[in-house]
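Q: predicted model and sequence follow; I will ask about them next.
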Amino acid sequence: MAAVTFTPVSDHALMVQLGDEISDALTARVQQLDSAIHAAAPQGLLETVPAFVNLMITFDPVVTDHAEMEQAVRALLQEGAAAQVPGAEREVLVCYDDDLAPDLAAVAKAAGLSPEAVIEQHLAAEYRVGMYGFAPGYAYLSGVPEALQLPRKPKALRDIPAGSVLIAGPQCLVTTLTMPTGWSIIGRSPTEILRNDPERPFLFDVGDRVRFARIDRDRYETLCKGGTA
Amino acid sequence: MTQASLKVRFAGPLVTFQDGGRPGQMRFGVSASGPMDRLAATAANVALGNAPGATLIEVSMGGLVLECTEGALSVAVTGGDFTVEHGSAAVPCWSILALEQGDSLSIRPGKSGSWAYLALAGEVAAESWLGSSATHSTSGFGGGALSAGQVIEVDEARLREDRHGAIARPDFLPEDRQMRVVLGPQDRHFTAAALAAFRSEPFALTNAFDRMGVRLSGPELPSAGALSIPSEPITRGAVQVAGDGVPTVLLADHQTTGGYPKIATVIGDDIGRLSQLRAGDKLRFAPVEAAQAVRIARETAEARAAYLAAIAVPKGTLAQRLMRANLISGAISGEEAVPD
C-alpha cells in the first residue's frame, strides 16, 4: 500500500493523497476515509472533497491548522478499515436515438461493434461515482466497459445540451449544463441530476452505484416535459 | 415597511447578485462563489446595517446604472476605486447615501479596482440556489446577472440616515502587490528554474479575467514531470499551470477539480486584493510556510472582526453628527453630548 501523503493547501486546506495511480480500489479507500472523517468530524472541519486518488479537507484556520488536521486524519487511518461505503443504487434513463447520440456511430466503428452492441455494453455495466468536478453536478462515473474505452475527440464541440450522456476512457458522465465537450456523445438522458430538492439537491453522492436504463423517444419526450410516463 | 424598486438602465457583463456564497458543496462540483472581494462586500453590508452575507450587487468593470423608480432606500458602495455618480453629483466610493424616487446611480470603473459592491438597505429579491443567491457565473445559477430593463425589488426598504456618509476603508491588509502563497500541492513537479522565477519575477494579470480565474503573463513555468496529474480537488486561490507553462489563478467560480499541476495557492486573505487588480497590473508571489499562513489568517480574522464591528456602529443622527463635528455646538441644547 502506497504511503499516505499530506500536503498543505493555502491557509485553509489539506490534501490527503492515498496513492498515485487511479484504480477502483484506491477510489474506494478515498471514499472510506471521506465517510470516516464525517462520522467523527474534527474540530474546525468545513468540507471534504473526495476525488480519485486524494481528498481535500478544508477547515477554519482560526480554529485548527494543517498539523492538527493531519493528526486527526492519521488517527482515523490508524483505526483501520472503516466499512466499505456501500453507495446507494441510482438509475439514469437514456434514449439512444441517432439525433441524441451524434457520436454513437463513430464509437461503434472505433470499437469494431454495431451501434446496438455499443448500447448493450453501455447498459450492461455498473458504474460508480468517483468524483464530481468541472461544473455543478458533473459526476465522473467509472466503469465504462473496456471495449468502449476510447480517447477524447481531438477537438471539443461547443454547446452540447444538458443531459448528454458522454464517454471518454474508463469514464462516463451525464451533463447538467450546456457546455463544450471533447467526449463522445452516445445518448441523452431526461433524468435530473440537479434535482432542485433542498433535501437532496444532487441525484448522486460520491460512491453511489449507477445503472443506465434504455427508454424510447416517446418516454424521453414525455419526461423532458416533466411528465411521469 | 415599504418597498423600493430600482430599474437597471445599463449593466455591463458580469454584474451579478452575490451574497455570502454557498460553501460546502465542492464535493458536488459547486464552488462557493460569492463576492470576488469578500471583505469589501461584507463591509458594504455591515456599514449599512445589513447582515454580513445579505444579497448585494457585484459591479464589474462593465459598470452599472440604476434608477430608483419607486420608494426610497439607503445604499452602500464599496470595493475598488470606482467612479460613483448620484444624479450628476460625484460621490466618493466607500460611502452610504440615499436613493429616492427618480434618482439615478451610476457606478463605473475609476482609478483602480476591478469590482465594486452595491448593498441595499432592505431585502433584495433574488433567485436562490442551494440556499444562496450568489451567482455562479458559468452556470448562471443563483441570483444571476443583471441586464438593462430589469427591475430590482427591495422589500422592507429603509432609509438609514444615521449611517449616511463615508465608510472607513480597511487598513489591516498589505497595500503592496505581493500576494502571499503556500507552495504546492505540486511545486515539486516544476523545474528549479520555474520555482525560482515564480518566487522572484513579477507576473501581470491579463484580460483573460472573469469570475472563474485570471490568466497571468510573465516567465514561463515549465513543469519537470507529467503535464497532468489525476484530477484532484482545487480550492480558490490555486495557481495552476497548464501545459503551456502559463499560470492561472483560480477565483470565486473556479472548477472544483482539475488535472493541471498547482505550483502554489494564494492565502485566503490575499485573494480579494488580487481580484481587485486589473489587466496589466503586476504582482509578485511571496511564499510563506503553511504555519505562517495560518498565523496570518488568525491575525487578519481578529483585525477584520474589529474593523467590521467599528463600521457597523451607526454614525448617529444628523444633529448628533453635527455636534460631534463641533459645528453647531450649543445650538442644540438638551441633546446629550456625544463623545468623540
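A: Ah, there it is.

Q: C-alpha from now on. contacts and neighbour counts both.
A: Will do.

Q: what residues of the helix or strand of chain A with the lowest mean pLDDT count as buried?
A: None of the helices or strands of chain A scores lower by mean pLDDT, DSSP states H and E than strand A:179-181, at a mean of 89. Going by neighbour count (16 or more other CA atoms under 10 Å in any protein chain shown), the buried part of strand A:179-181 is A:179, A:181.

Q: for the residue nearest to A:Tyr96 when sequence neighbours are not counted, grab phi and psi.
A: Spatially, and ignoring its direct neighbours in sequence, A:Tyr96 is nearest to A:Gly187 (4.5 Å; CA to CA, 6 or more residues apart in numbering or on different chains). The phi and psi torsions at A:Gly187 (degrees, to the nearest 10) take the values phi 180, psi -180.

Q: return the set of residues that bridge with A:Gly187.
A: For A:Gly187, the beta-bridge partners are A:Val165 (DSSP bridges).

Q: neighbours around it, how many?
A: Neighbourhood size, A:Gly187 [other CA atoms under 10 Å in any protein chain shown]: 25.

Q: the one 5 residues further on too?
A: Per other CA under 10 Å, the neighbour tally for A:Glu192 reads 20.

Q: per-residue pLDDT, it?
A: Model confidence at A:Glu192, given as pLDDT, is 94.

Q: that one against A:Pro201, yeah?
A: No - applying CA atoms under 8 Å, one finds A:Glu192 not in contact with A:Pro201, separated by 10.0 Å.

Q: now the spatially most central residue of chain A: which helix or strand?
A: Centroid-nearest residue in chain A, with CA atoms, centre = their mean: A:Tyr140, separated by 2.6 Å. Per DSSP states H and E: A:Tyr140 is located in strand A:139-142.

Q: strand partners (parallel or antiparallel) of that strand?
A: Strand A:139-142 has these strand partners (DSSP bridges): strand A:127-132 (antiparallel), strand A:171-174 (antiparallel).

Q: where do the helices sit along chain B?
A: Ranges of helices in chain B, per DSSP state H, are B:38-48, B:192-200, B:268-275, B:290-311, B:318-324.

Q: now those as CSV including mean pLDDT?
A: Converted to CSV, the helices of chain B look like this (pLDDT from 0 to 100):
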stretch, mean pLDDT
helix B:38-48, 98
helix B:192-200, 96
helix B:268-275, 98
helix B:290-311, 98
helix B:318-324, 69
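
Q: buried deepest among these, which one?
A: Of the helices of chain B, the one with the most neighbours on average (mean count of other CA atoms under 10 Å in any protein chain shown) is helix B:38-48, at a mean of 27.

Q: still on that earlier bit, next secondary structure element downstream of the strand holding A:Tyr140?
A: Sequence-wise, the next helix or strand downstream of strand A:139-142 (DSSP H and E) is strand A:157-160.

Q: any idea of the mean pLDDT in that next one?
A: Taken as a whole, strand A:157-160 has an average pLDDT of 91.

Q: please see if stretch B:214-229 touches chain A.
A: No - using CA under 8 Å from any CA of the partner chain, stretch B:214-229 stays clear of chain A, coming no nearer than 8.6 Å.

Q: what's the span of that stretch, first residue to last?
A: One end of stretch B:214-229 sits 21 Å from the other (CA to CA, to the nearest Å).

Q: buried sites along that stretch?
A: For stretch B:214-229, the neighbour count (16+ other CA under 10 Å) marks B:214-219, B:221-223, B:227, B:229 as buried.

Q: could these go into a markdown table alongside pLDDT?
A: Output for the buried residues of stretch B:214-229, formatted as a markdown table (pLDDT from 0 to 100):
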| residue | pLDDT |
| --- | --- |
| B:Val214 | 98 |
| B:Arg215 | 97 |
| B:Leu216 | 98 |
| B:Ser217 | 97 |
| B:Gly218 | 96 |
| B:Pro219 | 96 |
| B:Leu221 | 94 |
| B:Pro222 | 90 |
| B:Ser223 | 84 |
| B:Leu227 | 61 |
| B:Ile229 | 81 |
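
Q: A:Glu68 sits in which helix or strand?
A: helix A:66-78.

Q: quick one: is that helix near chain B?
A: Yes - Helix A:66-78 comes into contact with chain B (CA under 8 Å from any CA), by way of A:His66.

Q: tell me what angle that helix forms with helix B:290-311.
A: Taking axes from the mean of the first three to the mean of the last three CA atoms, to 10 degrees, one finds helix A:66-78 and helix B:290-311 inclined to each other by 120 degrees.

Q: list of residues touching whichever helix or strand comes after helix A:66-78?
A: As assigned by DSSP H and E, the chain's next helix or strand after helix A:66-78 is strand A:89-94. Residues from elsewhere that reach strand A:89-94 (CA atoms under 8 Å, 6 or more residues apart in numbering or on different chains): A:165, A:187-191, A:203-204, A:208-215, A:220.

Q: thanks a lot, see you next time.
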